[in-house]
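1. Below is the structure, and that's it, no one-letter string:
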DNA sequence: TACAATACTATCCATTTTGTAACTACTATT
DNA sequence: AATAGTAGTTACAAAATGGATAGTATTGTA
């Protein structure tokens, strides 16, 4: 009886935590952008080109990530103004998540390819 | 020059892998459902109630997850037919991902609460 | 003055996702 | 026959997301 309560409570907490994470980095682009920025700081157009994402969406995603403290935005006074986006220290706490997802996606793809090569 | 190519290639791979993962367990419900099923097998209505998800969506999500080999569906011959959904061995490969997301969501929530308690 | 580069923003529309409500199918019980 | 429980499905509506195109603002160059 005690274990049922315990499981139910911890399970609810786990669900809530996962929802929280999805609220911050869910969606089609945020994790991809974080991955690109792990390479180093990038300018707006660089991000746009590398991720193949339209400026409208990119702008929105970056704003949200900035609000959540995951990226920093720096305006440089260059000939035409350029803006640099970079990861913040806080975004490093997501490394584990990103790496786990990267590893899984890679092994999953390998599994699919094997299945195609030699149908079970 | 070599390192640039290398980074660019590995970065593209990482992005692809993350996209692959999102294709399989992205969206509002799949990770939540997986978390609930980590508690043990559940019937359709149990899942619907616990996740607070409408039957239409639940049905669709479960079908997709079954297709991807993440959950099993077992029809039991009981008085009114019941159907049990359970995690498959393959879904266990996602444990790392789910746990990482759970941990991050929890620490993020704590951070937010602290921020509210004592605004920086 | 005209044009180009950078970083956006605005407008509009298409697609995808999610939700609501009602309904089907099967069986068992009253 | 009427009702209820389980597991869905269907039809429709609302909302979120994504994308294409063009335009703004600033500065520099030809």
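-> Arrived safely. The structure displayed is predicted, hence computed values, not measured ones.
2. For the residue in chain A positioned nearest to DNA strand D, which residues are in contact?
-> DNA strand D sits closest to residue A:28 of chain A, with a gap of 2.8 Å, by CB to the nearest atom of the strand. Bear in mind the C-beta positions are built from the backbone N, C-alpha and C, glycine included. Listed by CB atoms under 8 Å, 6 or more residues apart in numbering or on different chains, the contact set of residue A:28 reads B:22, B:26.
3. Would you check how far apart it and residue A:64 are?
-> Plainly put, residue A:28 is 13 Å away from residue A:64 if you go by CB to CB, to the nearest Å.
4. and residue A:75, which of the three is it?
-> strand (DSSP: H, G, I helix; E, B strand; the rest coil).
5. Quickly list what it is bridged to.
-> residue A:83 (DSSP bridges).
6. before we move on, which element is the residue nearest the centre of chain A in?
-> For chain A, residue A:31 is the residue whose C-alpha lies nearest the centre (CA atoms, centre = their mean; 1.7 Å). Assigned by DSSP states H and E, residue A:31 belongs to helix A:30-37.
7. Contacts for that helix, please.
-> A:24-25, A:42, A:47, A:50-51, A:53, A:58, A:61-62, A:64-65, A:70-71, A:85-87, A:91, A:94, A:98, A:101-102, B:11, B:14-15, B:18-19, B:22.
8. do stretch A:85-93 as well
-> Defining contact as CB under 8 Å, 6+ apart, one finds that stretch A:85-93 is touched by A:34, A:37-38, A:40-44, A:47, A:62, A:69-74, B:104, B:107-108.
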